[in-house]
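> next input, structure requested:
(chains A and B)
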Amino acid sequence: MEKNEIEQRVVKVVCEVLGVTPEMVKPDSNFVFDLGAESTQSVQLVAAFEEEFDIEMDSEEALAVETVGAAVDFIEKYVNKN
Amino acid sequence: MTQTKCPEEPAGRDRLDAIFNPRSVAVLGVTATPGTVPYDIFYNILASGYRGVLYPVAPGKRSISAVRAYRYVIDVPDEVDLAVIVFPASVVDKALEQCGQKGIKAAIIISAGFREVGAEGAKRERRIREICDHYGIALIGPNCLGVINTDPKTLLNASFARKMPPRGRIAFLSQSGALCTAVLDYARAKSIGFSKFVSFGNKAGVTEIDLLDYLHRDERTDVILLYLEELRDGRALIDAARRVTRGDNPKPILAIKAGRTPQGADAASSHTGSLAAEDAICEAVFREAGIIRVQSIEDLFNSAILLAYQPMPAGNRLAIVTNAGGPGVMATDAAVSAGLEMPPLTRRTTDRLRRALPASANIKNPVDVIGDARADRYVAALEAVLADPNVEQVLVILTPQSMTDIDDIARGIVRVHAGTDKPIACSFMGASDVASGVAILQAAHVPHYAMPEWACQAMADVQRVRRWRQQRPEEVNGDLAVDREAAAAILEALPAGYLREDQALEVLKAYGFPVPEYRLCRSAEEAVAFAEQIGFPVVLRVVSPQIVHKFDVKGVALDLGDAGAVQEAYQGIMDNVARVRPGAEVLGVICRTLIPPGHEVILGAKRDAVFGPTLMFGLGGLFVAVFRDVTFALAPIDTGTAARMVREVKAYSLLEGARGTEPADVREIERCLLRLGRLVADFPRIAELDVNPLIVGPAGKGAQVADVRIRVD
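Got it, this is the predicted structure:
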């Protein structure tokens, strides 16, 4: 899958789960500081990414990801491994 | 962005005022989920009736509880005095950085996940400290419950304590956040109100020292309560607490110190090292500071309510009014044990009581109004003893009997209480039957105790405060004749380790200690010649840089009465040392006069990682080694502290001349303690110093240093 496509789909999921607008979501956006993710929403985000990309991530590592850009890189590893 | 100055802002506004009396507060990291800390903090400020302006900073949210929210604090269109940060620890630095950019001068970081969780957290804490230093932000926390100010001009509950406590004259400072909520609940049940309530957590910025100074100036605070787990700077605490507890506008400080200080685990090789228990030093710090140390939350409030709501008694004389003989006797015992006096009542008072009470009543102190007493009898007895010039405070005891009109008695006491300038405490014994009466007393701020003994203990604490205020602060004795340069020539030139005995004695001599005449003799002939010069009997003690414990190598010979004995002993010492410690470099022996017998005492000093130089005093032999009968102080000391140290050991009566012995020269011990305090304060290189023993002669005859050990690092 192209990285561009992963980025778009990550932004879509982030907007759905956190209730933010696409303009707010930048590669260096911190899920907590810039997008207001609460701890339960972080868990929801991981689950939503798994569903969106049909992957299964290491949840501890996934929850340690702090920014949108880092999430794209993290997901890319799983998506393109399969 | 233009910043408008508030017209009512006083000149020189205190930097901590932005924490306690902010005109606007931003809560950073608010979430929309009730029941979570980030939401509840915001909601508590809103619900407490805060008088300023509140801004939630909640990225991705349009509003929180119908209040418009901002994505970043820098987006807030107005000036913000205080930032309350509830973001997770991982992004607190980002939030704080923005606070600095916005010019916010005070912050409370509620979030946990800093120094208390290990190395990664400690790194985060260093980072936030750097940001605060860079922007000049006064910081409370991190890892804390928050701050409460009940001042009606502010009404701020920036904490996750469920309810705003009632207003009162007591300030509570706590290092533990969880304890705070329990204390608030406990205090509420007893109708105890607060002026300020601060949980300062990891104290990365503002410390208890800053808070004590602030509360000293706070017009709404009369009593300060402190819960500490870790003391970082004992000297600064003493200085701050002394400013608060005496002088102008004195306010009592009551404290609980739990846990241990982070003292370095230096291997203890001397008496002082092994005995300088942190807790004992802490005790000494509190005493020097005029802080009343208590052991439990119960004790803390027992004493606080008396100090906060009752006038300071003129003295320690107590009258008791009771309707039960047994509790009256128990309370009398407790009062006397606690150092209170139970004075006889004047003739005028007993006459008045005789007229007001039945014939079977006891009209002497403790006054027994008898089991069937109703409110009129209680009130008459209370008024009579309060009018007595011998009485300076009163304890009223009630046991619930079938004819006791508890609520009326409580109301009667409240009425009398309002018209007297002497303190009154009550003990309505029991629980269920007396509950409504107790509530009446508590609502009127008449201190109530479930047990009369607790009342007596609290009254004794009030006496400690009274005595401390009366005690004149004494300057460190500046007229000690010391030769600092002579001591420096030795102490500053040596490598780390123990000083030789001759060097250690030189140091003591330079600081005016009574050191017997001695010489380092490098041959038997030299020792004999010196002994003949100073007169027999003499003592020889081996001198070697490798030998600290001279007796262990049989390197000491005592009571040598003539030249032959000295000659023989010298050779004997050399042989012993060569056998037991082959390879030790032996420089010779110290030859000195034999000190006549006397009281043997130990003077010690140790540099403590937290408190700096500390002093120890105890009586020699079993008293220190077995009974641990020692006392501590922070160096340098004043004459009052020296006198206190000597008198505080339990074996002091031996120095006074117990069992027919002559009293010892206590003044000389005090002078030596003053000199020791000065010496270790002047030379931070001294890690440990033991004068063990100092042999003390009868009063006026002085003392002599028999042995000394000094370690420098």
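> contact partners for B:T404?
Going by CB atoms under 8 Å, 6 or more residues apart in numbering or on different chains, B:T404 touches B:N323, B:G371, B:A373, B:R374, B:L398. C-beta coordinates here come from the backbone N, C-alpha and C atoms, glycine included.
> likewise for B:V147?
Applying CB under 8 Å, 6+ apart, the residues contacting B:V147 are B:I19, B:F20, B:I108, B:I140, B:L156, B:A158, B:S159, B:K196, B:F197, B:V198, B:S199.
> sort out for me which of those are in strands.
The members of the contacts of B:V147 that map onto strands under DSSP state E are B:I108, B:I140, B:L156, B:A158, B:S159, B:K196, B:F197, B:V198, B:S199.
> any idea how many residues pack against the third one?
When neighbours are defined as other CB atoms under 10 Å in any protein chain shown, B:L156 has 28 of them.
> now stretch A:36-43: buried residues?
Residues of stretch A:36-43 classed as buried by neighbour count (16 or more other CB atoms under 10 Å in any protein chain shown): A:G36, A:A37, A:E38, A:Q41, A:S42.
> residue boundaries of the helices in chain A?
Counting by DSSP state H, chain A has these helices, from start to end: A:3-18, A:39-53, A:59-64, A:68-79.
> can I get the buried residues of stretch A:36-43 in JSON lines with pLDDT?
Listed next are the buried residues of stretch A:36-43 as JSON lines, based on pLDDT from 0 to 100:
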{"residue": "A:G36", "pLDDT": "95"}
{"residue": "A:A37", "pLDDT": "94"}
{"residue": "A:E38", "pLDDT": "92"}
{"residue": "A:Q41", "pLDDT": "93"}
{"residue": "A:S42", "pLDDT": "93"}
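> and which of these is nearest to B:R581?
B:R581 has its nearest neighbour among the buried residues of stretch A:36-43 in A:S42, at 67.4 Å by CB to CB.
> residues in contact with the closest residue to that closest one other than its chain neighbours?
Leaving aside its sequence neighbours, A:S42 sits nearest to A:L63 (CB to CB, 6 or more residues apart in numbering or on different chains; 5.8 Å). Taking CB under 8 Å, 6+ apart, we find A:L63 in contact with A:S42, A:V43, A:V46.
> ok, the second one - contacts?
Same thing as A:V43. Residues near A:V43 by CB under 8 Å, 6+ apart: A:L63.
> now it: how far from chain B?
13 Å (CB to the nearest CB, to the nearest Å).
> pLDDT score for the residue lying closest to B:S48 once chain neighbours are set aside?
Closest residue to B:S48 apart from its sequence neighbours, by CB to CB, 6+ apart: B:N157 at 3.6 Å. For B:N157, the model assigns a pLDDT of 96.
> most proximal residue of chain A with respect to chain B?
Residue nearest to chain B within chain A: A:G36 (3.5 Å; CB to the nearest CB).
> correct me, but that residue touches B:I64?
No. Using CB atoms under 8 Å, A:G36 makes no contact with B:I64, being 10.5 Å away.
> shared neighbours of those two, anything?
B:A58.
> roughly how far does the nearest residue to B:L689 once chain neighbours are set aside sit from chain A?
Nearest residue to B:L689, sequence neighbours excluded (CB to CB, 6+ apart): B:A605, at 4.3 Å. In this view, B:A605 and chain A are 51 Å apart by CB to the nearest CB.
> would you mind listing what in chain A touches chain B?
With CB under 8 Å from any CB of the partner chain as the criterion, chain A comes near chain B at residues A:18-20, A:24, A:30, A:32-40, A:66.
> picking that back up, out of the ones in strands among the contacts of B:V147, which one sits closest to chain A?
The closest of those, once distances to chain A are taken by CB to the nearest CB, is B:I108, at 18.0 Å.
> beta partners for B:V542?
B:V589 (DSSP bridges).
> do you know how far it is from chain A?
65 Å.
> that residue is in contact with B:V586, isn't it?
Yes. Applying CB under 8 Å, one finds B:V542 in contact with B:V586, separated by 6.4 Å.
> neighbour count for these two, which is higher?
B:V542 (24 against 19).
> please name the residues that touch that one.
Counting by CB under 8 Å, 6+ apart, B:V542 makes contact with B:K550, B:V553, B:G555, B:V556, B:I573, B:V577, B:V586, B:V589.
> contacts only, for the third one.
What it means is B:G555. B:R541, B:V542, B:S544, B:I547, B:I573, B:N576, B:V577.
> what about the last one, how many residues nearby?
Read that as B:V577. 21.
> for chain B, what helix or strand is lowest in average pLDDT?
helix B:271-275 (a mean of 38; mean pLDDT, DSSP states H and E).
> list the buried residues for the helix or strand bottoming out on mean pLDDT in chain A?
The helix or strand of chain A with the poorest confidence is helix A:59-64; it has a mean of 92 (mean pLDDT, DSSP H and E). With burial defined by 16+ other CB under 10 Å, the residues of helix A:59-64 counted as buried are A:A62.
> again with stretch B:93-113
B:93-100, B:102, B:104-113.
> avg pLDDT for stretch B:334-350?
97.
> again with stretch A:72-81
Stretch A:72-81 comes out at a mean pLDDT of 91.
> in it, what's buried?
A:V72, A:F74, A:I75, A:E76, A:Y78, A:V79.
> OK, contacts around the fourth one?
Meaning A:E76. With contact set as CB under 8 Å, 6+ apart, A:E76 has these partners: A:M1, A:K3, A:I6.
> tell me where the model's unsure across the chain.
I'll assume chain A. Along chain A, the model assigns pLDDT under 70 to residues A:82.
> chain B is the one I meant
B:1-13, B:259-278, B:472-479, B:621-627.
> domain assignment for it?
Following automatic domain parsing, one finds the domains of chain B at B:17-261+B:270-303, B:311-470, B:517-593, B:599-712.
> turn these into a markdown table, columns for distance to A:K12.
Formatted as a markdown table, these follow (distance: least, CB to CB, whole Å):
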| stretch | distance to A:K12 |
| --- | --- |
| domain B:17-261+B:270-303 | 15 |
| domain B:311-470 | 61 |
| domain B:517-593 | 76 |
| domain B:599-712 | 56 |
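> out of these, which comes closest to A:I55?
Here domain B:17-261+B:270-303 is closest among the domains of chain B (CB to CB), at 24.5 Å.
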